[in-house]
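K.L.:
here is my input; please provide its structure:
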Amino acid sequence: MLQREISPPKQKLKQASISEFFSLSSKSVKRKRSPTQSENEVSPFAKKTTEHKTSAKTPVLDIGVKPTPTKVSQTKSPTVGPSHEKMSANSEPNSSRLLSGLTEAEGAEKNIIQMSKDATNFDIDSILENVTENMSHNKNNSQSSKPDLESMDVTVRAESPLLFEDSIQEAPVVEPESMQFTDGPTCMGMPAKDLKRIPNCWATNPFTMESGTRHLKLYNTSHKGPGPPPPKSTTYYDAWDSHHVRLPCSTENLYPVTERGRKSLEKRWELIRSSLLMKMDNEYDLQEAILTYNSRYCKKWSFQKLGNFFTQASDSYKKKFFGTTLPRMVALALDLPNICTQPIPLLCHQRSCKVTMTQQQIACLLCNAFFCTFPRRNSKGPNSEYSNYPSINFSSLFNGAGGWHNSPFVEKFKTILHYFERVCENMPTGTVTFERRCLSDFPRWEKSPCTLGGLHLSNEGRIECDGIGLLQVDFANRYLGGGVLSSGLVQEEILFSICPELIVSKLFVEKLDDNECVVITGAEQFSSYTGYADTYKWGGNHIDTTTRDDFGRLCKQLVAMDATCYQKSSNQFKTASVRRELNKAFCGFYCDMDPEHSPAVATGNWGCGAFGGNPLFKGLLQLMAAATVGRDLCYFTFNDRELMQQLHEMHSFIKENKMRVSDLWNIIICYNKQVIESKDSKSSSIFKFIRDTHILSTDED
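P.N.:
Prediction:
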């Protein structure tokens, strides 16, 4: 816990049944609880002191970073799923503290209005008016409007205001890379200009939101005009069950209180409101507010990283954050019942489904995650309700020991906070689709007649910058997002940091099984960056000028697919391991549209580095999977010129000899038996073995 005195820090999709998955009943099922059953109990928080000291030697955080181009090598270290911890004993709140907080909140509302209403382009007055209303609605009378597939008219913002104004040196506005690929000495294979890209490849077969699986849209699809689309339902209704996100504003979100010796269950949302509406001038006030409604974690959450970040920040940055940005975030978070008016489905394992929400709804949910308001998401024991889901509350980002003053964590924190400043200043008006894809039918690899498609190789560049218009591969953790809300800073964590709308997937996407992946369409990039892992730096504001489709989504797709982590690298060549990785890549590259209208895949050393994968072998597996779905591959070797040359030679040899996927499968199985298991060092390269085996078989014929 932060202390007031801080020393200087050192084909065939499995369908979900409607009744199981999208049971959007307008009535919540009330459940009896005892105080010992609730996670949401409250205890008094110790009164803070009025002053804190920081050393004169404490470094000042430089928010205005000038980016320098950095060539990086992209490998992913394994990130484990949520840690497990036992639930602590219940504690009881101080009712007088709650009553005084509610009274004091009325005055705090006026302060928030005065601090926030000048600069924002969404109506803070109406938001705060809605926040202070009684959010208990008659759920029996709630109605949701009928979905309409009529196109939305969404205007793409040409520019966005600079929000990190911390010093005389302003943070740069980084324009996106050109969509025109260039071939040069760092590229090999098919010309990049011949790769199919969206939206061009969709021109004769437009991508629709209704293709394939069950799809829930949380907004009014008939909306036209300026501003974010309104929610589909005009009245808030709830579903407090195991198939939907348990929202913090639910009337079923209760906590036990004891007053005059009598125990009762009260609404936790009222406590959240009163706590967040209190004036917060520094990180200590923010910590106190969060712990007020998360009291059982008072001794578990240290907030040391949060404290170190703001200790290093300049006075001007802290003044802007606590005086302007944070009040806006509070207003947006507390407007949850008016922005997310219907239950959000959980994208559970072994069920294919989609959910589309507005960027405003995502921002509202992420503000609640920042303030750690989501119930039942802090307990990570093996038997807890959400043990198979990633962490969503930002407590894991705030917590930890000291020693972060020169670490990449500071840069990641800048990146994520920049997103909140942007959306609070100028709310985006588009939408984002999250699709969980679960396949039951896979190719019989030993019988596949497919031949390899085209391959473009690039020694330089990054997937998210230079793979514009392509299906971009996220080297994912099976718990989506990996360590983005902790200490992770490799490919997936960087991607989720510069495109924070991806983080909301951690709220409702269960961990991935071997036959599953997640496809996300339309997530916006808000920041640029340089470096990788320990050298990561926030690179300034990024203006995403990607074209939007008729539904307001940016024409960009990302597929999150998790590779196997091998403690013993030789295991990757075993039959079961090869089949698993091929099936996973096939699931990620699969598309139910004609291949002529499917973009190429932008990928790289998936499952390599700390995961133990052989880059040449993993490249071959991805080529085989792409061949079966009719897609070309754009492969980034991340400054490994030798690997680029090897992949080009191997691909050319296989194409010239018209080898089929089934031929490659059989050769891989033989390679495992004759080379890996026999430990034959004379033929260690998979490409050399493919070439020698083919030549030998040709001579015999």
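
K.L.:
going forward, measure contacts and count neighbours with C-alpha atoms only.
P.N.:
Will do.

K.L.:
which residues of the stretch 351-500 of the chain fall in helices?
P.N.:
Assigned by DSSP state H, counting those that start in this stretch, the stretch 351-500 of the chain shows helices spanning 359-370, 395-398, 408-425, 463-466, 491-498.

K.L.:
what segments of the stretch 501-650 of the chain are helices?
P.N.:
All helices of the stretch 501-650 of the chain, identified by DSSP H, counting those that start in this stretch, fall at 505-508, 575-589, 615-629, 641-656.

K.L.:
the third one - contacts with which helices or strands?
P.N.:
In terms of contact count using 3 or more Cα pairs under 8 Å, 6 or more residues apart in numbering; DSSP states H and E, helix 615-629 is assigned the packing partners helix 575-589, helix 641-656.

K.L.:
mind redoing it with 6 Å?
P.N.:
Using 3 or more Cα pairs under 6 Å, 6 or more residues apart in numbering; DSSP states H and E as the contact test, the elements touching helix 615-629 are helix 575-589.

K.L.:
quick one: residues in contact with the helix it packs on.
P.N.:
For helix 575-589, contacts defined as Cα atoms under 6 Å, 6 or more residues apart in numbering pick out 515, 517, 625.

K.L.:
flag every buried residue along that helix.
P.N.:
Going by neighbour count (16 or more other Cα atoms under 10 Å), the buried part of helix 575-589 is 578-589.

K.L.:
can I get it in CSV, CA atoms only?
P.N.:
As requested, the backbone C-alpha atoms of helix 575-589 are provided in CSV (Å, rounded to 0.1, in the frame of the first residue of the first chain):
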residue,chain,number,x,y,z
THR,A,575,3.1,-35.8,-34.2
ALA,A,576,0.6,-34.6,-31.6
SER,A,577,2.5,-31.2,-31.3
VAL,A,578,2.7,-30.7,-35.1
ARG,A,579,-1.1,-31.4,-35.5
ARG,A,580,-2.0,-29.1,-32.6
GLU,A,581,0.0,-26.2,-34.1
LEU,A,582,-1.3,-26.8,-37.6
ASN,A,583,-4.9,-26.9,-36.3
LYS,A,584,-4.4,-23.7,-34.3
ALA,A,585,-2.9,-21.8,-37.3
PHE,A,586,-5.7,-23.2,-39.5
CYS,A,587,-8.3,-21.9,-37.0
GLY,A,588,-6.7,-18.5,-37.0
PHE,A,589,-6.4,-18.2,-40.8
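
K.L.:
just the angle between that helix and helix 615-629, please?
P.N.:
Counting by axes from the mean of the first three to the mean of the last three Cα atoms, to 10 degrees, helix 575-589 lies at 60 degrees to helix 615-629.

K.L.:
quick one: mean pLDDT over the lengthiest strand in the chain.
P.N.:
Taking DSSP state E as the criterion, the chain has its longest strand at strand 431-438. For strand 431-438, mean pLDDT is 97.

K.L.:
what does stretch 610-620 give?
P.N.:
Across stretch 610-620, the average pLDDT comes to 96.

K.L.:
cool, stretch 642-658 as well?
P.N.:
Stretch 642-658 shows a mean pLDDT of 97.

K.L.:
numbering from 14 from now on, please.
P.N.:
Got it, first residue is 14 now, which makes that one stretch 655-671.

K.L.:
buried sites along that stretch?
P.N.:
Of all the residues in stretch 655-671, those buried under the rule 16+ other Cα under 10 Å are 656-658, 660-661, 663-665, 667.

K.L.:
what's next to it, contact-wise?
P.N.:
For stretch 655-671, the surrounding residues in contact (Cα under 6 Å, 6+ apart) are F700.

K.L.:
roughly how far is that stretch from the heart of the chain?
P.N.:
Stretch 655-671 sits 35 Å away from the centroid of its parent chain (Cα atoms, centre = their mean, to the nearest Å).

K.L.:
one more: stretch 564-582?
P.N.:
On Cα atoms, centre = their mean, the centre of stretch 564-582 falls 11 Å from that of its chain.

K.L.:
show the end-to-end separation of it, please.
P.N.:
Taking Cα to Cα, to the nearest Å, stretch 564-582 runs 44 Å from one end to the other.

K.L.:
equivalent analysis for stretch 606-623, please.
P.N.:
One end of stretch 606-623 to the other measures 35 Å (Cα to Cα).

K.L.:
starting at the chain centroid, how far to it?
P.N.:
19 Å.

K.L.:
could you tell me which residues within that stretch count as buried?
P.N.:
606, 608, 610-622.

K.L.:
likewise for stretch 326-336?
P.N.:
Those buried within stretch 326-336 under the rule 16+ other Cα under 10 Å are 326-327, 330-331, 333-336.

K.L.:
for stretch 707-714, same thing?
P.N.:
For stretch 707-714, the neighbour count (16+ other Cα under 10 Å) marks H707 as buried.

K.L.:
mean confidence score for it?
P.N.:
So the average pLDDT for stretch 707-714 ends up being 78.

K.L.:
ok now it, how far from the chain's centre?
P.N.:
Using Cα atoms, centre = their mean, the offset of stretch 707-714 from its chain centre is 49 Å.

K.L.:
quick revisit: got a markdown table for the helices of the stretch 364-513 of the chain, with mean neighbour count, distance to G394 and mean pLDDT too?
P.N.:
Listed next are these as a markdown table, based on neighbours: other Cα atoms under 10 Å; distance: least, Cα to Cα, whole Å; pLDDT from 0 to 100:
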| stretch | mean neighbour count | distance to G394 | mean pLDDT |
| --- | --- | --- | --- |
| helix 372-383 | 24 | 20 | 98 |
| helix 408-411 | 22 | 15 | 93 |
| helix 421-438 | 22 | 26 | 96 |
| helix 476-479 | 20 | 35 | 91 |
| helix 504-511 | 25 | 24 | 97 |
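
K.L.:
Serialize these to CSV and add fields for distance to P261.
P.N.:
Output for those, formatted as CSV (distance: least, Cα to Cα, whole Å):
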stretch, distance to P261
helix 372-383, 8
helix 408-411, 16
helix 421-438, 20
helix 476-479, 34
helix 504-511, 24
